[in-house]
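Trainee: Here's a sequence, model it:
(2 chains)
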Amino acid sequence: MNTSLGITAITVVCLVTLAIGAFGFRLSRTTSDFYVASRMVTPTWNASAIGGEYISAASFLGVAGLVYSLGADMLWLPVGYTVGYLVLLLLVAAPLRRSGAYTLPDFAEARLESVAIRRLCSVLVLGIGWLYLLPQFKGAGLALHTVSGAPAWVGSLIVAVVVVTNVVAGGMRSITLVQAVQYWIKVTAISVPAFLLLSWWVRHGQPIPHVPATPPGHEWARPLSGFGGVEHPVYATYSTLLALCFGTMGLPHVLVRFYTNPDGGTARRTTLVVLALLGLFYVFPPLYGSFGRTYLPHLPTGTSPDSVTLLLPIAVTPGLVGQLMSALLAGGAFAAFLSTASGLTISVAGVVDQDLIRGRLRRSTGGDARAVNGFRIATVAGVIVPFGLSLAARDIGLADTVGLAFAIASSTFCPLLVLGIWWRRLSTAGAATGLVVGGTLATAAVLLTIFRQVHGGWAAALLAQPAAWTLPITFVVMATVSLATPKRIPRGTARTMVRLHAPEALSAALGEPRH
Amino acid sequence: MTTDIDEQTRLGELYMAALVRAQWRLSVSVLASATVMIGGLPLLFLLVPATLTLHIGPIPLPWLILGVLVYPAVWLTGRYYVRQSEQIEREFTELVARR
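Mentor: Predicted structure coming up:
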């Protein structure tokens, strides 16, 4: 393989990201700039930015890898990533924007009037953020290794350095435009080679993949067949779908982007555009998984299925065209790692800084520390842990790791948001108990799965896809404890509910009351 | 009088409760339809095995549904919800402003 083209594409993407970051540093640096700038942003641009931040390593490489290795059931992943935004639209989009919260801990504190719950949410954001960052670093290592043969840690390190540099400099934060452009880079990078592959496939007899059924009778192309030794495929499908559909609203980097909407009504319309943009993108990754089975039936030993997207163009057309397409895909993949990792790092660092570092720093330095230092320390701390984990963790699929992050988000923040927005009787005690119980159960399941403590059978299936039981348990615990502790209902609940649900047109009318 | 809502008099609270209830009913009904439409697919594949082997051209039906058709359906569901939800808010605002 011609390595220079791929390296060039990756270098260009990294340099452009750094350059825009440096440029953005001079443009705007504060949350209020972010907000003011947003008034000029149309739902289409804002939706592109949301899509740009959301489409990660898991989407760009991981989905194709899993469709390749586990077959038709994995088609549910992109469906779930998209339906997650539909559920977010139905249950939380407008009220969440109207709450004025910038992060999930902000929302929790505003709704429940409790600093303790705010802290609890910060810890959860940190955990989910780390788990979601891990596959971005792993994916970067994999992509660079595939196009250049460099050791995996080099690619991870490049992404870590670019992201830290950008976030510490303060770029990326305010620039809806950058993330929006990243979306269109990713769509171009994944669709152009896909169309070339498609036309090649049509012109060359439209072969369908013939995959030997393993175990016998378990066919690759057939849903729920348990191909590749997946146990209890029906449970796994439903539990995954549940985690993705109800976890999206609880991802740390999703809410921040909603703040960019001027009001609740626009938040809804923006989400609708997001649904269209995600649908447009997610048509493509399964194509790579499927073509992979046709044109790359046997991956070289030691090659991760996650790299099938990058290998496919060269396998089909070994000439310059194939190499150009592979380079384009590698560049697009790096855009995915960088944009998602930047969004996550900003969210994680913001929370770590505000809730876990700043108070302590002030105490230990007698109030001398400048706020920006806290944010810098938080950024480095936020990135070092998942970077280290990406070097240490055993090989686990990119989309699998992301799935675990979704599972924790759906078992903690989803009940908190849904009950917080729609149920007046949610009490502080109920919310706290629910977060602790759901967070503990889901995290335990995730850790046991990552460190492979349980082998085979129902136990392994339940732990690998915990959302189907952890999500209902959290809802029940939160509701039951709330009903048992009516005295712990926040005093401002009625007023908060008005703010969450009153249409902006009404607030405008309230500004000039008619008697 | 619009200040009813702001001052949280009894009447204002009743109005707000009605708005929240209307929005909640809309969200839950759309969510239920989406659950039947999307969540019903694995069940369909499981209970009607013929759907698994059906091909449209060279493409198996489940791949066509999950790979392509589901996305426009999700978008249309979202569009229906946004329109209905805006309608509820418009009617509510008019009602309050009229008083």
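Trainee: How confident was the prediction at residue 33?
Mentor: You didn't say which chain, so I picked chain A. pLDDT for residue A:33: 47.
Trainee: Hmm, no, I was thinking of chain B.
Mentor: Looking at residue B:33, its pLDDT is 97.
Trainee: Ok, residue A:209 next?
Mentor: pLDDT at residue A:209 comes out at 84.
Trainee: backbone phi and psi for it, please?
Mentor: phi -60, psi 130 (degrees, to the nearest 10).
Trainee: Could you check how many residues crowd around residue A:97?
Mentor: Residues within reach of residue A:97, counting by other CB atoms under 10 Å in any protein chain shown, total 25. Any C-beta I mention is one placed from the backbone N, CA and C, and that applies to glycine too.
Trainee: any idea which helix or strand carries it?
Mentor: Secondary structure from DSSP states H and E places residue A:97 in helix A:93-98.
Trainee: residues touching residue 78, list them.
Mentor: Picked chain A for this. A:59, A:63, A:282, A:285-286 (CB atoms under 8 Å, 6 or more residues apart in numbering or on different chains).
Trainee: other chain: chain B
Mentor: Listed by CB under 8 Å, 6+ apart, the contact partners of residue B:78 are A:86, A:89, A:271-272, A:275.
Trainee: Any buried residues in the one helix or strand it maps to, and which?
Mentor: Element membership of residue B:78, judged by DSSP H and E, is helix B:70-98. Applying a neighbour-count criterion of 16 or more other CB atoms under 10 Å in any protein chain shown, the buried positions in helix B:70-98 are B:70-71, B:74-75, B:77-78, B:81-82, B:84-85, B:88-89, B:92-93, B:96.
Trainee: Equivalent analysis for stretch A:187-203, please.
Mentor: For stretch A:187-203, using 16+ other CB under 10 Å, the buried residues are A:187, A:189-194, A:196-197, A:201.
Trainee: Would you tell me which one of those residues comes nearest to chain B?
Mentor: residue A:201 (9.4 Å; CB to the nearest CB).
Trainee: Residue ranges in the chain under the pLDDT threshold?
Mentor: Answering for chain A, as no chain was given. For chain A, the stretches with pLDDT under 70 are A:1-2, A:23-41, A:170-175, A:359-372, A:394-395, A:507-515.
Trainee: wait, chain B
Mentor: Confidence mapping of chain B against pLDDT under 70 gives the ranges B:1-9, B:99.
Trainee: now with 50?
Mentor: Along chain B, the model assigns pLDDT under 50 to residues B:1.
Trainee: Give me the most central residue, it.
Mentor: What sits nearest the mean C-alpha location of chain B, by CA atoms, centre = their mean, is residue B:30, with 2.6 Å.
Trainee: Stretch A:97-104 and chain B in contact?
Mentor: No. If you take CB under 8 Å from any CB of the partner chain as the test, stretch A:97-104 misses chain B, and the best it gets is 11.2 Å.
Trainee: now swap in stretch A:496-509 and tell me
Mentor: Yes. Using CB under 8 Å from any CB, stretch A:496-509 reaches chain B at A:497-498, A:501-503, A:505-506, A:509.
Trainee: In terms of helices and strands, where is residue A:297?
Mentor: With DSSP H and E as the test, residue A:297 turns up in no helix or strand.
Trainee: Provide a list of residues in contact with residue 51.
Mentor: In the absence of a named chain, this looks at chain A. A:183, A:274, A:277-278, A:281.
Trainee: Not quite, go with chain B.
Mentor: Residues counted as contacts of residue B:51 (CB under 8 Å, 6+ apart) are B:44-45, B:61-62.
Trainee: Same check on residue A:79?
Mentor: By CB under 8 Å, 6+ apart, residue A:79 lies in contact with A:241, A:282, B:38, B:66, B:70.
Trainee: and it, which of the three is it?
Mentor: Going by DSSP: H, G, I helix; E, B strand; the rest coil, the secondary structure assigned to residue A:79 is helix.
Trainee: closest to residue A:444 among the contacts of residue A:79?
Mentor: Closest approach to residue A:444 among the contacts of residue A:79 (CB to CB): residue A:241, at 21.7 Å.
Trainee: To which secondary structure element is that closest one assigned?
Mentor: Assigned by DSSP H and E, residue A:241 falls in helix A:233-247.
Trainee: How about whichever residue of chain B sits closest to chain A: what's its closest non-neighbour residue?
Mentor: Closest residue of chain B to chain A, CB to the nearest CB: residue B:71 (3.1 Å). Nearest non-adjacent residue to residue B:71, counting by CB to CB, 6 or more residues apart in numbering or on different chains: residue A:279, 3.1 Å away.
Trainee: in what helix or strand does the one you found lie?
Mentor: Residue A:279 belongs to helix A:264-282, assigned by DSSP H and E.
Trainee: Give me the helices and strands touching the next helix-or-strand element following that helix, please.
Mentor: Scanning forward in sequence from helix A:264-282 by DSSP H and E, the next helix or strand is helix A:285-295. Other elements packing on helix A:285-295 under the criterion 3 or more CB pairs under 8 Å, 6 or more residues apart in numbering or on different chains; DSSP states H and E are helix A:63-70, helix A:176-203, helix A:308-316.
Trainee: Can you add distance to chain B and give those back as CSV?
Mentor: Shown next, in CSV, are the helices and strands packed on helix A:285-295 (distance: least, CB to the nearest CB, whole Å):
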stretch, distance to chain B
helix A:63-70, 9
helix A:176-203, 9
helix A:308-316, 15
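Trainee: Tell me which of the ones you listed lies nearest to residue A:100.
Mentor: Nearest of the helices and strands packed on helix A:285-295 (CB to CB): helix A:176-203, 18.4 Å.
Trainee: got the angle for the closest one vs helix A:285-295?
Mentor: Angle, helix A:176-203 to helix A:285-295, by axes from the mean of the first three to the mean of the last three CA atoms, to 10 degrees: 30 degrees.
Trainee: Just list the residues touching whichever residue of chain A sits closest to chain B, thanks.
Mentor: Closest contact between chain A and chain B, by CB to the nearest CB, is at residue A:279 (3.1 Å). Residue A:279 sits next to A:82, B:71-72, B:74-75 when contact means CB under 8 Å, 6+ apart.
Trainee: Over to residue B:83?
Mentor: Contacts of residue B:83 (CB under 8 Å, 6+ apart): none.
Trainee: so how far is residue A:265 from the nearest residue to residue A:263 once chain neighbours are set aside?
Mentor: Nearest non-adjacent residue to residue A:263, counting by CB to CB, 6+ apart: residue A:504, 4.6 Å away. Remark: distance between residue A:504 and residue A:265 (CB to CB, to the nearest Å) = 6 Å.
Trainee: Look at those two and report which has more neighbours.
Mentor: residue A:265 (21 against 17).
Trainee: now that one: how far from residue A:506?
Mentor: Here the criterion is CB to CB. By it, residue A:265 lies 11 Å from residue A:506.
Trainee: just residue A:345 next, same as before
Mentor: According to CB to CB, residue A:345 and residue A:506 sit 38 Å apart.
Trainee: before we move on, back to that, relative orientation of the helix holding residue A:241 and helix A:63-70 in degrees?
Mentor: Using the same axes, to 10 degrees: helix A:233-247 against helix A:63-70 is 170 degrees.
Trainee: And the longest helix along chain A, what's buried?
Mentor: Identified as the longest helix of chain A according to DSSP state H is helix A:115-148. For helix A:115-148, burial by neighbour count (16+ other CB under 10 Å) applies to A:117-118, A:120-148.
Trainee: Could you tell me the angle between it and helix A:63-70?
Mentor: Per the same axes, to 10 degrees, the angle that helix A:115-148 makes with helix A:63-70 is 80 degrees.
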